[in-house]
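Q: sequence unavailable; structure follows:
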């Protein structure tokens, strides 16, 4: 084993990126050297085969031992020495030659075959083994394993010392390979995580501009998938500002009519006197001011989808005309006596309880049943608070681009504050608050002035309760609660008043205002940082 040969092996193992590759290069390289019969590497590992280990009686610990990890050589008897599951696949620390080398972290040289340290003298004689050299694999005082060489010629002291130098290089290569393997594992984990996130984002964005991943929203979107494949009439129910129009657009885009028109009609914005003309069109001269033929919304939507927003606001005497087109697909433009046929899918939306409206005779019951074929109820924002940070970040990006503001970040504290509010105006209100915050922001930091937006800076936990159930606080109780809130803000900001993330920023106050209130509540001002 010449120094040049060992250096060549060391160079080869340095290019390996896996532990198995390093170990294989070590034993294969050594076994190719002159008169080397067998080269092996054991590495320190956990006690994993104690029940079947043939040296179990020698192992007092049974939690850690040496695992045969790589083996290469040429047997005179034809035995395969590349396998790692033989008699000495596990060796207790401190036992036999190899175990003693690991325990004492000192090399061992048996220069001839007559030593009493051989575990199997008959094997030594049969394979014409003349010498043995073993070196511990140590890196920064940590024992990694043992390198062993069985040779059919004597190993001298110079070669033994060279093997010590090589063992140090091998230990370093093993540690590097472990680091590379860990990096590869983390990379694959990151790729898997990114793939999962992409799938989640794909799912979240599969419905156009509908943003969210909450269970409440997910249940609605599953129903959208079911009904979009059909031409069934859909009635979307939900409070104002929950995104009913976006849901209607998603239903249209995922159906067979996606390539045809999607026509929006706000029923509450159409004056009663022009209702027929807006919905069904008119002929030239049909009434004063009708200077030309004009197609109605249903004609424009022919082959596609018409979205009737705020359908509960339709005048009662106009509802039969809508019912006819829903039932028969027929209508008559103003000024024409001949019925026309139209093929339109109808999606309606309302924030009213149409069933109750029908029972109160403010809405035709037959029209309600015709619209209510497939009801979809959009949850209010307070029922899907997990979506608030996602929506807020989406609106920040939109507003930043619209107003030409440099990229702003929504901090976790901002998301937490937004989630503590019930958002009676739902998504529309949240969007307005975010747009105002983007306009007010300076220095790349999103400035959520919630007090200006009408959102209290410190919402009590009972804000979602019914007004009649809210506790009545005395002046002293309210003052104490406010004092606790100030202390919590100071603690969260680690005593800082000024700057992003400071107590004033968390409370939505100016630093000077907060300082005055701290003095008023007899709270010691923290030392400036």
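A: Alright, I've got the coordinates. Computed from a predicted structure; not experimentally measured.
Q: quick one, helices of the stretch 251-400 of the chain?
A: Applying DSSP state H, counting those that start in this stretch to the stretch 251-400 of the chain gives helices spanning 275-280, 297-300, 319-328, 354-359, 365-371, 388-402.
Q: could you dump those helices to JSON lines with distance to residue 260?
A: Bear in mind the C-beta positions are built from the backbone N, C-alpha and C, glycine included. Shown next, in JSON lines, are the helices of the stretch 251-400 of the chain (distance: least, CB to CB, whole Å):
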{"stretch": "helix 275-280", "distance to residue 260": "18"}
{"stretch": "helix 297-300", "distance to residue 260": "11"}
{"stretch": "helix 319-328", "distance to residue 260": "17"}
{"stretch": "helix 354-359", "distance to residue 260": "27"}
{"stretch": "helix 365-371", "distance to residue 260": "21"}
{"stretch": "helix 388-402", "distance to residue 260": "28"}
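Q: among the ones you listed, which is nearest residue 516?
A: helix 388-402 (30.1 Å; CB to CB).
Q: for the helix or strand following that closest one, give me every contacting residue.
A: Later in the chain than helix 388-402, the nearest helix or strand by DSSP states H and E is helix 412-419. Outside helix 412-419, the residues that touch it by CB atoms under 8 Å, 6 or more residues apart in numbering are 385, 388-389, 392, 430, 433, 446, 448, 450, 455, 457, 492, 501, 505-506, 508.
Q: are any of these buried, and which?
A: 385, 388-389, 392, 430, 433, 446, 448, 450, 455, 457, 492, 501, 505-506, 508 (16 or more other CB atoms under 10 Å).
Q: farthest-apart pair in these, please.
A: For those, the farthest-apart pair by CB to CB is 430 and 492; their separation is 23.0 Å.
Q: and residue 122, how far from residue 78?
A: Distance, residue 122 to residue 78, using CB to CB, to the nearest Å: 17 Å.
Q: and the buried ones among the contacts of helix 412-419, which is closest to residue 45?
A: Nearest member of these to residue 45, counting by CB to CB, is residue 389, at 44.5 Å.
Q: ok, the spatially closest residue to that closest one that is not a sequence neighbour - how many residues close by?
A: Spatial nearest neighbour of residue 389, excluding adjacent residues (CB to CB, 6 or more residues apart in numbering): residue 415 at 3.7 Å. The number of residues packed near residue 415 is 17, by other CB atoms under 10 Å.
Q: from residue 401, how far out is residue 415?
A: Plainly put, residue 415 is 20 Å away from residue 401 if you go by CB to CB.
Q: what packs against the strand or helix carrying residue 482?
A: Element membership for residue 482, per DSSP H and E: helix 475-492. Packing contacts for helix 475-492, counted by 3 or more CB pairs under 8 Å, 6 or more residues apart in numbering; DSSP states H and E, involve helix 503-507, helix 511-520.
Q: which outside residues touch the longest one?
A: Surrounding helix 511-520, the residues in contact under the criterion CB under 8 Å, 6+ apart are 486, 497, 498, 502, 503, 504, 507, 509, 524, 525.
Q: list the buried residues of it.
A: Here helix 511-520 shows 511, 514, 515, 517, 518 as buried, counting by 16+ other CB under 10 Å.
Q: that one vs helix 475-492, what angle?
A: 130 degrees (axes from the mean of the first three to the mean of the last three CA atoms, to 10 degrees).
Q: sorry, back to before: ok, of the contacts of helix 511-520, which one's closest to residue 40?
A: Within those, the smallest distance to residue 40 is 62.6 Å, found for residue 502 (CB to CB).
Q: of the buried ones among the contacts of helix 412-419, closest to residue 408?
A: residue 446 (4.5 Å).
Q: skip the chain neighbours and tell me the closest residue to that closest one.
A: That would be residue 408: by CB to CB, 6+ apart, it lies 4.5 Å from residue 446.
Q: from residue 395, how far off is the one you found?
A: Distance from residue 408 to residue 395, by CB to CB: 11 Å.
Q: so where's the stretch 351-500 of the chain shaky on pLDDT?
A: For the stretch 351-500 of the chain, the stretches flagged by pLDDT under 70 are 407, 442-445, 449-473, 475-477.
Q: hmm, try it at 50
A: 452-454, 456-469 (pLDDT under 50).
Q: returning to what we had before: I figured the residue nearest to residue 446 hits residue 441, correct?
A: Yes. Counting by CB atoms under 8 Å, residue 408 does reach residue 441; the two are 5.6 Å apart.
Q: OK, contacts around residue 220?
A: Contacts of residue 220 (CB under 8 Å, 6+ apart): 247, 376, 377, 378, 379.
Q: repeat that with 7 Å
A: By CB atoms under 7 Å, 6 or more residues apart in numbering, the contact list for residue 220 reads 376, 378.
Q: count of residues packed around residue 181?
A: By other CB under 10 Å, 15 other residues sit near residue 181.
Q: helix or strand for it, which one?
A: Here residue 181, judged by DSSP H and E, is contained in helix 157-205.
Q: quick check: mean pLDDT across that helix?
A: The average pLDDT within helix 157-205 is 77.
Q: ok, then the element right after that helix?
A: helix 215-228.
Q: name every strand pairing with the helix or strand just after that next one and say which way it goes.
A: Per DSSP H and E, the first helix or strand lying C-terminal to helix 215-228 is strand 234-237. Its sheet considered, strand 234-237 pairs with strand 345-350 (parallel), strand 374-377 (parallel) by DSSP bridges.
Q: could you list the buried residues of the shortest one?
A: The reference is to strand 374-377. Those would be 374, 376, for strand 374-377 by 16+ other CB under 10 Å.
Q: can you list contacts of that strand?
A: For strand 374-377, using CB under 7 Å, 6+ apart, the contacting residues are 220, 223, 227, 232, 233, 234, 235, 236, 237, 238, 247.
Q: noted, bye for now.
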